[in-house]
Each structure stands twice: as structure tokens, then as C-alpha cells.
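Participant: the following comprises the amino acid sequence and a computationally predicted model.
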Amino acid sequence: MGHTRRNDKEAEVIDENLRRVYQDMLDEKVPDRFLDLIAQLKSQDDDGSATGGDAK
């Protein structure tokens, strides 16, 4: 039964590490080049919707 206890502790350590890595990724700043690309795409979308036409 000690084996199960060790597995529980190992699982807890893995869970904590995964949560920490995930949170670190959420806290990362979005690179400026991505923000620039998003702005360009939004600009293109706004230009297309201003004419009222669909690109089909």
C-alpha cells in the first residue's frame, strides 16, 4: 500500500508542475510582431466590411 501513497505524491508533484508551467505561459506577454499582425488583419477585415460585400 506504500506504493499507492508514493504514486499519489508523484501525481501531486506532477499536477503542481503542470499548473505552474501553464500559469507561466498565461502570464507571458504577447510578442509585438503578433500584435502588429493582429492589427493588420483587423484593418483588412474592417476595410472589407466597410464596402458591405462578401468575399465569395
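Facilitator: Great, that's in hand. Numbers count the residues shown, from 1 in each chain.

Participant: contacts and neighbour counts: CA atoms only from here.
Facilitator: Noted.

Participant: and residue 14, how far is that from residue 22?
Facilitator: Between residue 14 and residue 22 the computed distance is 12 Å (Cα to Cα, to the nearest Å).

Participant: any shared contact partners between these two?
Facilitator: Between them, residue 14 and residue 22 share no neighbouring residue, with contact defined by Cα atoms under 8 Å, 6 or more residues apart in numbering.

Participant: tell me the helix or strand right after the lengthiest helix in the chain.
Facilitator: Using DSSP state H to assign secondary structure, the helix with the most residues in the chain is helix 2-27. Heading C-terminal from helix 2-27, the first helix or strand you meet, by DSSP states H and E, is helix 32-50.

Participant: does anything pack onto that following helix? Which helices or strands?
Facilitator: Contacting helix 32-50 under the criterion 3 or more Cα pairs under 8 Å, 6 or more residues apart in numbering; DSSP states H and E is no other helix or strand.

Participant: low-confidence stretches in the chain?
Facilitator: Counting by pLDDT under 70, the chain shows low-confidence ranges at 1-3, 49-56.

Participant: apply 90 and report the result again.
Facilitator: Scanning the chain for pLDDT under 90 picks out 1-6, 45-56.

Participant: spatially central residue in it, please.
Facilitator: Relative to the mean C-alpha position of the chain, the nearest C-alpha, by Cα atoms, centre = their mean, is the one of residue 26, at 6.4 Å.
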